[in-house]
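Novice: Any chance you can model this:
(2 chains)
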Number of protein chains: 2
Amino acid sequence: MSTSSSTTTNADLARERASASFSPERITNFLDRGSPSSTARRREIESAVIADPSGIFDQTDDAYASRTELHVRALGRMVRMVELQRKLRVTEEEYEWIVDAVGEDLPTALHWIMFVPNIRTLCDEEQQKYWLDRALNYEAIGCYAQTELGHGSNVRALETTATYDCATDEFVVNSPTLTSKKFWPGTLGRTANVAMVIARLIDGGGVDRGVHNFIVPLRCPHSHRPLPGVEVGDVGPKIGYNKMDNGFCSFDNVRIPRFNMAARFAKIIPGTGEFVAKELSEAAKRINYVTMMYVRSQIIYESGKNLARGCTIAIRYACVRRQGFVSESSDEERQVIDYVSLQHTLLPLLAAAYAYRMVGKRVLLRLKETEAALLLPDTAVTKEQISDLHSSTSCLKSVCSKLASDGLEKARKCCGGHGFLVSSGLPELIGTYLQNPTVEGDNAMLHQQTVRVLLKILPTAAQLAKNGQANTGSAGPWEGTDCEYLVRGAAQILSEVAARAPAPPLNIGSPADLLDLQVLCAAHRRRASHLLLGVAKELRDAAGNGEEGADSWNGALVQMARASTAHATALILDNFRDIVDHPNDCLGPKEAAALRRLAVLLGVHGLETDLADFLEGGQVRPADTGKVRTAVKAALHAVRPDAVPLVDAWDFSDFRLKSALGRFDGDVYPAIMAACRREPLNATEPGPGYAEHLGAFIADGRRKRKQKEGGVVGTASRL
Amino acid sequence: MSTSSSTTTNADLARERASASFSPERITNFLDRGSPSSTARRREIESAVIADPSGIFDQTDDAYASRTELHVRALGRMVRMVELQRKLRVTEEEYEWIVDAVGEDLPTALHWIMFVPNIRTLCDEEQQKYWLDRALNYEAIGCYAQTELGHGSNVRALETTATYDCATDEFVVNSPTLTSKKFWPGTLGRTANVAMVIARLIDGGGVDRGVHNFIVPLRCPHSHRPLPGVEVGDVGPKIGYNKMDNGFCSFDNVRIPRFNMAARFAKIIPGTGEFVAKELSEAAKRINYVTMMYVRSQIIYESGKNLARGCTIAIRYACVRRQGFVSESSDEERQVIDYVSLQHTLLPLLAAAYAYRMVGKRVLLRLKETEAALLLPDTAVTKEQISDLHSSTSCLKSVCSKLASDGLEKARKCCGGHGFLVSSGLPELIGTYLQNPTVEGDNAMLHQQTVRVLLKILPTAAQLAKNGQANTGSAGPWEGTDCEYLVRGAAQILSEVAARAPAPPLNIGSPADLLDLQVLCAAHRRRASHLLLGVAKELRDAAGNGEEGADSWNGALVQMARASTAHATALILDNFRDIVDHPNDCLGPKEAAALRRLAVLLGVHGLETDLADFLEGGQVRPADTGKVRTAVKAALHAVRPDAVPLVDAWDFSDFRLKSALGRFDGDVYPAIMAACRREPLNATEPGPGYAEHLGAFIADGRRKRKQKEGGVVGTASRL
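Specialist: Presented below is the predicted three-dimensional model:
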């Protein structure tokens, strides 16, 4: 690794590396867009950050700084990163690499993630020219202000208003209630000087035209002070992500020119104040829809990377750490990685990290391809294809970010007490990650969006079943989509039900039969099909019982989450199989084999985790469950020897991991102690609080004892 | 509630309370040791803390303080608490209440939890007199220094040595390596002036006598500076519990008098340095063993209380918060508590909170009774009864603290974005709680301790099976223990296997059949028995394959965790049933009925959660799984109307919850905004970092645009 911090390496880690069954560097290349040159470029960028003479990127002492100081440092790092970015001519495609290298909650993050893309999507040409000219050079730093103190993702319930005033040709932006304050937007609190505000448009005739987007200046471009009528601030400390200034904001009848209403989809006629919704082509509408899926897809992709960071720390440390004797009579302690219970937690997480990154990359690619296809005249992209993308990104965002956040915490617990230390790197990694299950559609709610689409495939499935063509017939509009297998799977099950045939169980002669990726993928697909039919049945039964639509929907939410999770799981595993079946050029047979072992582990561990579903669906017979559990142990055993090489392949620098436990050289104990010694509580002897509280308290105890003993009693000051 | 902070209450919460099916006050009394007078006393103590004129207990601004400042404040609160404790004559039994009221990580916590009890257990009479005289008045503030930088719970691997020097009649305490530094003990870093150090005793003949306990002064009793040869400090910031000074410490040949070796079990003969292990009666040994179980039992008990705090916040807020329309055509938003998916997460956690507190209380009571019984001449307490206690406390500690920590995070996620705010109270609650799955035996490892005991019941079970007396015969030494049901359950299953009879499935005619607590308890007991036999089989099979003992044990760890978890689950549910079947006097029939609905929910939700086990064991047929899921929905539906009264009954004050979301009056939004306005980042306009970084950056962007536009270019300072 080019970025290791020491030249000597812990003997256990060295041995783990020496016995790698493949070349980690080749997998590094694969992860870096598939070529050694891209790895080289990524390392070049990362090295520039690490070696930056300003030293501003060194986060060693961040653990001891106040939140204010952290925010200030983050601003400084942001400015310096932009300078480096320009100097190194970092392209938009390479932006991920410099952001990763800096490894910081950049206060301008939402400017790039939300503000600029929304200008591009929602503004007309003239507006784009004006605002992009200002935004791309950070003269205008923007945020995206949608959620309100009392309102989350239910956009229709937002209360902020923008009322058109015919007399002045302006909009009056107002926060009528406490609950209408904008609340949570990142970058809003202290950094942004302008916001894309989502507000209810009241047209010149006083008619509420629903929510639209308005660009509202927040702060003076020269003094950065809030403009009249704007109250804006930071929401205060959070469980993580504390360098970012998530903000609140309210508007007391703030006037903005008509020009500031995003005008690509709708506009107000000056003077009359008439509302005009523009006609957009179907393709244009779909492009916008696709654009909105990018943020969720980015979360899917990043879930893999973040989980891999946690696995890197936990797995390296588990090789260095020894605990418990190899046997009763031995004085040699066991590397904790060799406890099967620990492997059972950590290795499936490592498999998931690879899988999520791969499926995230695939989704991002599909979005890009779909966008391009939509630009073609007479585009062939159908509405089902768009729905399918929406369905897949929704369930994958939910499943991947849930497992990544839960998984990071599990990995932390595998580090024992030392995982509790900020110097382990895990608390910050986890705290910062924890927003992902909630933002961009709460994970618990997203499953509904997936199921709403999936239910639409059932008529086609029923038709195929009726025709006896589950495998051979056309999946109609779902052909070639992520849902296609569900059409066929549901058709197959419906055929069996119609024929009163029992579900065909997996053929598990021995546990080894379950270590076949083809078999595992088929099993997960069947499970998803079965659960989807279960949701449909539950909704049908509820309607049959006379429940109202919203109530029957509500009653089925738990089952929807199961079905949507199963769909995501099948997609993740199928994609992993696709990659190891058709390895990219930079992967040799050994690398593909190592990845295949991970995919098998992910699949068979998933089978064990959700065993009830497979038993319920008749795929696994109760008598075969022991074989499933034995197969999981075999899959763990197969991955174990490559555990360290498989985390090394991610090529996270020590600089980025910021972890005493996850160091490449495994020299963890001096690193822990070095961090302890920087703790400000240790700066004086006696420590803070002794003079105010502790000293007199101890002296008082001594006096009490001496009184009791009848001895001479000193005063507190003489003791 | 006596401690609510406002006189008007949110209308939704008021309605929830008005429709309570029972009196929350009666359940409050039940939780407070079963009498209205104990509730009154608890409230008296709590009120004294809240109303303390020093104002020192007000934690409102803790969210914005540095760690150093927090530690100092905590020291001040500790001193003031001791003053109040003396003034109010708070007894040892009432100590929990004043600590709960203060709601603070007290830097002296380990003095009380570990140091003082260990003095009592391990020291002889003379030592006890000396050290308790000093400890009880805080002249000596102690900690318990066992774990080392490179060594956790494997006591035999500790490296610190205490070598007897015949010439001076002293011990020389030494830390020979980096990994031998004491690391993690609470109170050690800055507060303690003395430590109970666990070290390898090297006797006068140079023989290693294994680990023993030594009382080592750390700091000068007058200046509080570290004594010569002692390096001591705080371990630095952690994921939580940051007011506590967990510490590290090393000894460079520090000399202590022979008197400082804890001498109840062993001693060194002066001069010769001969090692003498004392003969203790079996009963005395068992008392010590029981003493060691108190800390784990306290964790079990506290897991319920902490989880209940999280549930109180999340459930109250879920009633106040509205999100998503009741129907497509409605403008009314739904209380989020009415989403079945949210109920499915939160209400079983509430049931668990009650259950864990109850089982914790029972375990604490059993320890006390056992201790008393052991003091009787010719005590009837058997070694199996002690093993049983050890087994139960181990698995319960693991299961309760795991679910409480996971559950608190789930409850936080149910609060959406606002649960991310420190002002929600949840980040501190979670961060501070997170140590519990790791301390006092890592949760993942504790299951082994349980299983080691449980395996011992199998010969008795086999005998009963052979005699056809699973239900009627004596369970031998396990009669009356927590394991008794396992003896009978395993015997029953062994009989069925011998007779080649299939397992009798639960009789589920309709989902309602599963809402019977008797049935649910029996199902969970059967599951545990089945899984225990599974572990035994796995170990037997591995031995049959020629695996070595340690390897076959290692290979069965995952199944051990399942079996031990099932045992704990059965104990928790059985105890809950016992309480609702025989309600304490202060519970009327309505209160008992409300608690029974919670117990049913816990049981049936557990059945759903671990459905695979029940399918595998043949208790649930695949065709009946839908009924299980329907039964869970029915159980949620039954508990839902009492959700708020059931959290109110815990009677947590707003002062203690420290939560803008969990306020008794439900007035959450002004509370959130009030917290935002205290954030130091908001103190100035423009904010911190503008002058250093942001101002020039924005001005530079403006200059770049103007250059591009060919306009007049100003200097940065003129913009």
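
Novice: Counting neighbours, show which residues of the one helix or strand A:Val632 maps to come out buried.
Specialist: Element membership for A:Val632 (DSSP states H and E) is helix A:625-639. By 16 or more other CB atoms under 10 Å in any protein chain shown, the buried positions in helix A:625-639 come out as A:625-636, A:638-639. Quick note: C-beta positions are derived from backbone N, CA and C, even for glycine.

Novice: ditto for stretch A:599-614
Specialist: Buried, per 16+ other CB under 10 Å, within stretch A:599-614: A:599-608, A:610-614.

Novice: Which ones among those residues lie within helices?
Specialist: In helices, defined here by DSSP state H, the members of these are A:599-608, A:611-614.

Novice: For the stretch 51-200 of chain A, what lies in contact range of chain B?
Specialist: Contacts of the stretch 51-200 of chain A with chain B, taken as CB under 8 Å from any CB of the partner chain, map to A:63-64, A:66-69, A:71-72, A:75-76, A:78-79, A:82, A:133-134, A:137-141, A:147, A:149-154, A:156-157, A:178-179, A:181, A:183-184, A:189-191, A:193.

Novice: Among the residues you listed, name the buried ones.
Specialist: A:63-64, A:66-69, A:71-72, A:75-76, A:78-79, A:82, A:133-134, A:137-141, A:147, A:149-153, A:157, A:179, A:181, A:183-184, A:189-191, A:193.

Novice: separation between A:Ala470 and A:His530?
Specialist: According to CB to CB, to the nearest Å, A:Ala470 and A:His530 sit 14 Å apart.

Novice: joint contacts of these two?
Specialist: The contact sets of A:Ala470 and A:His530 overlap at A:Gly489 (CB atoms under 8 Å, 6 or more residues apart in numbering or on different chains).

Novice: Now do the strands in chain A.
Specialist: Secondary structure of chain A by DSSP state E: the strands cover A:142-145, A:161-165, A:170-174, A:182-183, A:194-202, A:208-217, A:230-234, A:247-251, A:254-257, A:266-268, A:275-277, A:322-325, A:333-335.

Novice: Tabulate those (TSV), appending distance to B:Gln385.
Specialist: Conversion of the strands of chain A to TSV gives the following (distance: least, CB to CB, whole Å):
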stretch	distance to B:Gln385
strand A:142-145	64
strand A:161-165	71
strand A:170-174	72
strand A:182-183	57
strand A:194-202	66
strand A:208-217	67
strand A:230-234	58
strand A:247-251	59
strand A:254-257	74
strand A:266-268	77
strand A:275-277	78
strand A:322-325	28
strand A:333-335	32
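
Novice: Could you export those as a markdown table, including distance to A:Gly407 and mean pLDDT?
Specialist: Formatted as a markdown table, these follow (distance: least, CB to CB, whole Å; pLDDT from 0 to 100):
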| stretch | distance to A:Gly407 | mean pLDDT |
| --- | --- | --- |
| strand A:142-145 | 29 | 97 |
| strand A:161-165 | 42 | 98 |
| strand A:170-174 | 42 | 98 |
| strand A:182-183 | 29 | 98 |
| strand A:194-202 | 33 | 98 |
| strand A:208-217 | 36 | 97 |
| strand A:230-234 | 30 | 98 |
| strand A:247-251 | 30 | 98 |
| strand A:254-257 | 44 | 98 |
| strand A:266-268 | 43 | 95 |
| strand A:275-277 | 45 | 95 |
| strand A:322-325 | 22 | 90 |
| strand A:333-335 | 21 | 92 |
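
Novice: Among these, show me which one is buried the most.
Specialist: Comparing the strands of chain A by mean neighbour count (mean count of other CB atoms under 10 Å in any protein chain shown), strand A:142-145 ranks first with a mean of 30.

Novice: Need the contact partners of that strand.
Specialist: Residues from elsewhere that reach strand A:142-145 (CB under 8 Å, 6+ apart): A:110-111, A:114-116, A:118-119, A:131, A:135, A:182, A:185-188, A:191-198, A:215-216, A:247, A:249.

Novice: Which secondary structure elements does the helix ranked longest in chain A sit against?
Specialist: Assignment by DSSP H gives helix A:282-320 as the longest helix of chain A. Here helix A:282-320 touches helix A:11-18, helix A:116-122, strand A:333-335, helix A:340-375, helix A:383-414, helix A:426-433, helix A:643-648, helix A:654-657, going by 3 or more CB pairs under 8 Å, 6 or more residues apart in numbering or on different chains; DSSP states H and E.

Novice: what's the average pLDDT for that helix?
Specialist: Taken as a whole, helix A:282-320 has an average pLDDT of 93.

Novice: just stretch A:511-526 next, same as before
Specialist: In this model, stretch A:511-526 has an average pLDDT of 97.

Novice: So which bits of it are buried?
Specialist: Quick answer for stretch A:511-526 (16+ other CB under 10 Å): A:Pro511, A:Leu514, A:Leu515, A:Leu517, A:Val519, A:Leu520, A:Cys521, A:Ala522, A:Ala523, A:His524, A:Arg525, A:Arg526.

Novice: A:Tyr289 is in contact with A:Gln385, isn't it?
Specialist: No: counting by CB atoms under 8 Å, A:Tyr289 sits too far from A:Gln385 to count as a contact (11.0 Å).

Novice: For those two, indicate the residue with more neighbours.
Specialist: More crowded of A:Tyr289 and A:Gln385, by other CB atoms under 10 Å in any protein chain shown: A:Gln385, with 23 against 17.

Novice: Cross-check the contact I'm expecting between that one and A:Glu371.
Specialist: No: using CB under 8 Å, A:Gln385 is not in contact with A:Glu371; the gap is 12.0 Å.
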